[in-house]
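# I need the structure of the sequence given here:
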Amino acid sequence: MVREYDSESNFRNLLGPTAMIVTIASVALSLFHVYTAGFGLLNEVMHRTIHLSFVMGLIFLVFPRKRATPSGKTWLESGIFAAFYLYLLWSLVPTLPGGTLTWVFTAVMLVLIALTLPFNRPGADPQKVALRDWLFAAFGAGFSAYLTIFFHYIFIENVGSPPQPAYMMGLVAIVMTMEATRRTMGATLAYIGIGCLLYALFGPYLPGIFAHRGYSIARIINHLFIGTEGIYGVAVGVVATYVFHFVLFGILAQMSGLGQLFIDLATIIAGRASGGSAKVSVVSSGFFGMISGSPIANTVTTGAFTIPLMKKSGFSGRFAGAVEASASCGGQVTPPIMGASAFVMTEMLGIPYNELILIAIVPAAFHYIAILLMVHLEAKKLGLKGMSKDKIPQFGAVLAKSWHLFVPLGVMVAMLLMQYTPFLAAFWGIILTIVCSYVPLVMHKLGNTTMDTSTVLTPPRLVRGFEDGAKFALAIGAACACVGFLLGMTTLTGLGFKFSAAVVQLANDLAGVVTAFDFTGLLSEQGMALFFGLIFVAIACIIMGAGIPTTPTYIILASIAAPALGEFGVPLIATHFFVFYFGVLADVTPPVALAAYAAAGLARSEPMTTGTTAFRLSMGKALVPFMFIYAPSLLFVDFTWLQFITALISGLVGVIALSAAYIGWFRRALATWEKLALTLAGLLLISTNWIAIAIGALAVLGILMRPLPAQAHAA
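So this is what the prediction gives:
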C-alpha cells in the first residue's frame, strides 16, 4: 500500500545480479554516511558529490519506469521534456570550442534525450532493469563522480574558469536530475525546474516586475553545476549530512521493535478514554511520526492496526481514515525528530537544532490537541466508550519487554538538546539501536523468555536495514537536487525579491479596498495587508504542495514566498514555520491528499471524502500558523509572558470552538447558526486585538455553556 500511494517508496522487486549490485551500493552508501557522521565529514562539495553519485545511480535501478504501454499523456509529458532538453543542447553547443569532443558529446546527448521518450519493447516489463536504465544509472552517477574525481583540477587549479567538459557534464546533470525526479516523484517538481530555467533564459521578454537581464545557458550551467548554489546547494547538503542519517535510524529503530512499542504505549495512555481507539491512533501516530518523517509510511504502518480498531469501535471508515491521516501528518512538526524539513530549516535560518526543537513544541501541541478534541467530541456524539481492559497492555509487561528500546532514542534526544551536531546524535542513535537490539537475545540466553528475539538486528537483517535506509533516501535526494534549480535561479535572477514585491503590492491594494468600506474604524490598512499576505502565501503553499513532498515544498516556499511575509515585519522564524506548516497540510488537502488516500485504502472508504474530512480534522494545524504570526511569543520570539499566556489561552479556546463547530457537538447537538458563530468566534480569537478576543471568547462561552435542553438532562 505504501508503494501504491507513495511514489517515493515504489521500489522494484529486483532479483539476481542486479539485486546484488543494488544491495552492495545501498549498503556502501549507508556505511559511508554512518562513518562520516561519527568520524568527520568531508569538505562540502566532495561530500555532496559522493552522496549524489550513489543516489542518482541507484534511482534508475531501484525505481521502475512508466508502465509498459505508455498512454498519450505519457508521450506528451515525455515529449515536452525531450523538447526542452534539445533546446538546451542547441543553445549550449555553439558556445563549445568544436572538434571531435563536441561532436561526440552532441551525439551522446541526442541518444540520451531519445531514450527519455517512452519507447518500450512490446511486452516489456517496467519492473525489469533494461539497458536504458543501466545507461541512465551510469550517466546519473557519472556527472557527480566527475566533480569528485576532478575536484582539485576544477575547484582549485581552475577556480572561476571551469574547463569545457564541465559544461558538458553540467547539461548531463540537468537532464538526469530531471529524469530522476520524474521517475521518483512524477512530473510536477520537474516542471517547476523547467519553469525556473526558462525564467532565467527569457528574463528580458517577461512583463513588469518579473523582467530581468537574462542569462546564457553556459552561465546557468556554471551557476547550477559548479559550486554550491544550485544542484549541490543547501537542499542536497541537508539530505547528505542530516536527513539520510535519521531516515536510516528510523528504519533500524522500527526493525528493532520501536514502532510496536509506540503503539503499546499509546494504547496504555489513551485506550481507556471515550473513543479510545481513535485516540490511540492520534497518540501512536505522533510517536511514530517523530522517527518516521513520512506521512504516508506513518499512515500505513500505524493505520494497519488502528483503522480496523476504530471501525470496530463504532467510528465510520471515512472518519477513521481521516483521523489516521491527519495525525500521521503531525509527525513532521513534532519534536524531537521533525522530518527532513526541520533540518533544512536549521540550515536556512542558521539556528541550532536544539533551539528549533523547543520552538516547535507549542505549535505541535496545538495540532494534536485539536485532533484529540475532535475525536473526543465525535466519540461523545456517537456515545462510544473506551477500549476494553483486556485489549490494553500492562505497562509493566511492556516495559519489561521493551525497556532497551528507550536507550538509543533517549541518548539521541539528549545529545540534540546538549547541542551536539544532529548527524553525530544520529550516529550514536544508529550504533546504540544495533547494540541494544541484542538485549533480548542476551536476556533469552539468561533465562528471560518474555522478550522478542525476532527484533535482533542480525547481520542479514542489518544489511536489509542499511539497504532500505538508502532506498528510502533516494527520492528525497533527487527532489532536493531538482529544487537546486529553483534555489540557483532565485539567487541568480532575484526571483524571491520579485515575488515578495508582487505579494506585498497585491495585499496592500486589497487592504486599501477593504479598509475604505470599514466604517467602524476597527480595521487598520497595515493589519489587513498582513492578513491578505498570509492568505496568499497559505494558498501558494497548499497549491505547491499538491503532489510534492513537504521538504521540496518548504525549500521552494521558504526561498520565494517567506520573504514576502518578512516585508510585513513578521519575524524570520515565524515566516518559515508558517510555510512549513502549510506545506505539511498539503498532504491531507484534496485533490492530491496522498496520506488521506492511503488511509482510505485501509479504511475501505471513498478517498475524496476521506481527504476532505482529514483536512477539516487538521484545521488546528491550519489555525496554528496564524496564531504564531500574530503572537510570535508562541515560538519564543519577542517573548513576553503576557502575550504568551494570552495567546495560549485564546488559542485553546479557539481550537475548542472550531472543533465543536466541525463535529457539531458539545454536550449536545449544535444548530447550524451555532456552528457558524463558533467558527467566526474561533477565528477572532487568533487576533491580537483585545476587543476581538473578548468578543470571540464571550461568543464561545455563551454558546458552549448554554443550558442543556430538558430531554438531554433526562437522557
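# okay, now the residue lying closest to S274 once chain neighbours are set aside: neighbour count?
Nearest non-adjacent residue to S274, counting by CB to CB, 6 or more residues apart in numbering: A379, 4.6 Å away. Heads up, the C-betas are built off the backbone N, CA and C, glycines and all. Residues lying near A379 (other CB atoms under 10 Å) number 24.
# again, but for F244
Around F244 there are 29 residues (other CB under 10 Å).
# next one: D264
Quick note: D264 (other CB under 10 Å) scores 23 neighbours.
# Contacts only, for it.
P393, V398, S402 (CB atoms under 8 Å, 6 or more residues apart in numbering).
# which is the next helix or strand following whichever strand or helix holds it?
Per DSSP states H and E: D264 is located in helix 258-270. Using DSSP H and E, the next helix or strand after helix 258-270 towards the C-terminus is helix 276-292.
# all helices of the stretch 601-715 of the chain, in order?
607-617, 619-630, 641-663, 672-684, 690-704, 710-714 (DSSP state H, counting those that start in this stretch).
# Show me what counts as buried in the fourth one.
If you call a residue buried by 16 or more other CB atoms under 10 Å, then helix 672-684 has these buried ones: E674, K675, A677, L678, T679, A681, G682, L683, L684.
# among the helices of the stretch 601-715 of the chain, which gets the worst mean confidence?
Within the helices of the stretch 601-715 of the chain, confidence is poorest for helix 710-714, with a mean of 49 (mean pLDDT).
# Let me know the average pLDDT across stretch 194-211.
89.
# Give the buried residues for it.
Those would be I194, C196, L197, Y199, A200, L201, G203, for stretch 194-211 by 16+ other CB under 10 Å.
# Give me the subset of the residues you listed lying in strands.
Members of these lying in strands (criterion: DSSP state E): none.
# quick check, nearest of the residues you listed to M348?
Distance to M348 across these (CB to CB) is lowest for C196, with 18.0 Å.
# which helices and strands does the longest helix that the chain contains pack with?
If each helix of the chain is counted by residues according to DSSP state H, the longest one is helix 353-382. Packing partners of helix 353-382 (3 or more CB pairs under 8 Å, 6 or more residues apart in numbering; DSSP states H and E): helix 276-292, helix 317-329, helix 340-349, helix 406-417, helix 572-585, helix 607-617, helix 619-630, helix 641-663.
# residues in contact with the spatially most central residue of the chain?
Centroid-nearest residue in the chain: T550, 2.7 Å away (criterion: CA atoms, centre = their mean). Contacts for T550 were tallied using CB under 8 Å, 6+ apart; they are P295, Q332, G339, A340, S341, F580, G583, V584, A586, D587.
# try M705
Taking CB under 8 Å, 6+ apart, one finds nothing in contact with M705.
# From Y215, how far off is it?
Computed as CB to CB, to the nearest Å, the M705 to Y215 distance reads 64 Å.
# can you check L309 too?
Taken as CB to CB, the span from L309 to Y215 is 57 Å.
# where does the stretch 51-200 of the chain dip in pLDDT?
67-70, 121-123 (pLDDT under 70).
# 80 - rerun?
Where the stretch 51-200 of the chain drops to pLDDT under 80, the residues are 66-72, 98, 120-127, 158-160.
# Helices along that one, start to end?
Using DSSP H, counting those that start in this stretch, helices in the stretch 51-200 of the chain cover 72-92, 100-115, 131-149, 151-152, 164-185, 188-201.
# Make TSV from those helices and add distance to M608 to it.
What follows is the helices of the stretch 51-200 of the chain, written out as TSV (distance: least, CB to CB, whole Å):
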stretch	distance to M608
helix 72-92	21
helix 100-115	37
helix 131-149	35
helix 151-152	51
helix 164-185	22
helix 188-201	19
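# who wins for proximity to T646 among these?
helix 188-201 (40.3 Å).
# which other residues reach that closest one?
Contacts of helix 188-201 (CB under 8 Å, 6+ apart): 80-81, 84, 88, 91, 174, 177-178, 181-182, 206, 210, 214-215, 217, 220, 479, 482-483, 485-486, 488-490, 492-493, 495, 546-548, 552, 556.
# quick check: angle from the helix or strand harbouring T36 to helix 131-149?
Here T36, judged by DSSP H and E, is contained in helix 16-39. For helix 16-39 against helix 131-149, the angle by axes from the mean of the first three to the mean of the last three CA atoms, to 10 degrees is 30 degrees.
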